[in-house]
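Quick one, what's the 3D model for this:
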Amino acid sequence: MGRAGWKVSVVTLALAVFGTIPPTASATGPRPVDPAAGPVAFANVASLAVTDDGYGRPGGSVISETQRSPLAPGRSRLGADRTAVPGSEGERAAVGPNYRLGIERHDVAAGLDGDGVPEATALADFVLTDLASGVTVLSFERAATSARCASARSPEVAASAASLSLVGSDGVLRRVRLPEPGGEVRGENLPFGASVEIGEGEAVTSDIRIREVTGFDELLRQRQWRDGDVTAASGWLVEIDTRVRPSAKDGAARGEPPLPEEVTGTTEAEAGSEKRRRVARTVETTLVLGGVSCSVPHDFTPGGNEHAGSGAPSVPVAIPAGVGAQAGAGPEAVAQDGTRPAVSPATIWGTALLAGGGVLGLAALLLARRAGTARARS
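Okay, the predicted model is just below:
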């Protein structure tokens, strides 16, 4: 094969591998959103974290699937599979078996409009039940939250609900008024326990506070859920303090988890039976219902070519559910094995180019060797 034939073969192989070369962004229109700078929106139906396990340590957390706005105008929407938190054996192992947050009629989405404005919305019915006591703790009907960043100066957030019901000290669920902006709904000495397991014979009562999320740092979120130069957040925040104490009937130490060594400050030999004694403690649990946020660069202008356009397809993006212990100062979770994080079109093309380059290089080497062998024989 001559040199010209060898070049044609390489070009033919390249076309066979790639079909066609994708057009650049400048040839098709404005650039898509910068993945690092935004604008971007996130929406999450519900999440739960044990913020104090009763021994001064953060416990486990479950962050349900989070929707992220695409890099071009369009929307990412939560599928119908998520009906409860925790929703699997792995999630129950992380936060305990006692709480079940039922989720119905949800519509959760994050997106960009045609001008590149990011918006996140969440709408759902919620029912929180303590399975250990059989008590229905609260019920939210048509709880709605939203965050929209139409400009860097005046992002908009909202939180509402058709109704809120809360258990009373007598164990009866009653309708209550929604919290006023800046206020909260409280309940004290309520007859239910914590999401984690409680020792046999121990007594529990709980206090609860319900209010609107007031800042991005109050959201329960995965690491990929980020803020920006200007960020707005909304959601319903539920905080539960469960007081655990030895039963007045026996007061002894049957069934209580051993005290952690770092809490007692003593060794196993020094503590003896003391580590098996029940102690009064408070377990703190946080839930965020309908957590949403939007972020834009400080110089964001709706409709600006530097923010959104048709340079990339509108690919829905979902951050997989995260299960694990809190990390650092904030309750962030890492996606578990078995989930598939969303991949951007740029990443897909980059991977394809690297793989295709390897194939082309190998093919060129083989063709060159074959051509050299043919020349040597002639």
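
Quote the end-to-end distance of stretch 71-83.
28 Å (C-alpha to C-alpha, to the nearest Å).

in the stretch 251-378 of the chain, which ranges drop under the pLDDT threshold?
Within the stretch 251-378 of the chain, the stretches with pLDDT under 70 are 251-278, 304-314, 325-378.

Against Gly56, how distant is Asn76?
One correction, residue 76 is Ser, not Asn. Distance of Ser76 to Gly56, computed by C-beta to C-beta, to the nearest Å: 38 Å. Bear in mind the C-beta positions are built from the backbone N, C-alpha and C, glycine included.

correct me, but Val238 touches Asp207?
No: using C-beta atoms under 8 Å, Val238 is not in contact with Asp207; the gap is 11.6 Å.

Tell me which of these two has more neighbours.
Set side by side, Val238 and Asp207 show more neighbours around Val238, with 23 against 15, by other C-beta atoms under 10 Å.

element containing the more buried one?
Val238 is part of strand 230-246 when elements are defined by DSSP states H and E.

Confirm for me that Val137 is in contact with Asp130.
Yes: Val137 is within contact range of Asp130, at 5.8 Å (criterion: C-beta under 8 Å).

any residues in contact with both of these two?
Counting by C-beta atoms under 8 Å, 6 or more residues apart in numbering, the common neighbours of Val137 and Asp130 are Phe192.

how about the strands in the stretch 201-350 of the chain?
Ranges of strands in the stretch 201-350 of the chain, per DSSP state E, counting those that start in this stretch, are 202-212, 221-222, 230-246, 281-296, 317-319, 322-325, 332-333.

Just the terminal-to-terminal distance for stretch 113-121.
End-to-end distance for stretch 113-121, by C-alpha to C-alpha: 13 Å.

so where is the stretch 101-250 of the chain shaky, pLDDT-wise?
Scanning the stretch 101-250 of the chain for pLDDT under 70 picks out 248-250.

residues near the residue lying closest to Thr285 once chain neighbours are set aside, how many?
Counting by C-beta to C-beta, 6 or more residues apart in numbering, Thr285 lies nearest to Ile240, which is 4.4 Å off, once chain neighbours are set aside. Ile240 has 28 neighbours, counted by other C-beta under 10 Å.

could you pull out the helices for the stretch 51-200 of the chain?
For the stretch 51-200 of the chain, applying DSSP state H, counting those that start in this stretch gives helices covering 89-95.

domain parsing for this protein?
1-32+344-378, 36-342 (automatic domain parsing).

Quick one: end-to-end distance for stretch 124-136.
Stretch 124-136 stretches 17 Å from its first residue to its last (C-alpha to C-alpha).

what's across from the residue nearest to Pro316 when sequence neighbours are not counted in the sheet?
Spatial nearest neighbour of Pro316, chain neighbours left out: Ser76 (3.9 Å); criterion: C-beta to C-beta, 6+ apart. Ser76 has these beta-bridge partners by DSSP bridges: Ala110.

what's Gly54 sitting at in phi/psi?
Per-residue torsions, Gly54: phi 100, psi -10 (degrees, to the nearest 10).

Could you report the neighbour count for it?
Gly54, neighbours per other C-beta under 10 Å, totals 22.

which residues touch it?
194, 196, 244, 281-283.

Just give the nearest non-adjacent residue to Glu202, would you?
For Glu202, ignoring the flanking residues on the chain, the nearest one in space by C-beta to C-beta, 6+ apart is Val244 at 5.4 Å.

wait, what's in contact with the one you found?
Going by C-beta under 8 Å, 6+ apart, Val244 touches 54, 193-194, 198-199, 202-204, 280-283.

partners of the residue nearest to Leu190 when sequence neighbours are not counted in the sheet?
Nearest residue to Leu190, sequence neighbours excluded (C-beta to C-beta, 6+ apart): Ser206, at 5.0 Å. For Ser206, the beta-bridge partners under DSSP bridges are Leu190, Thr242.
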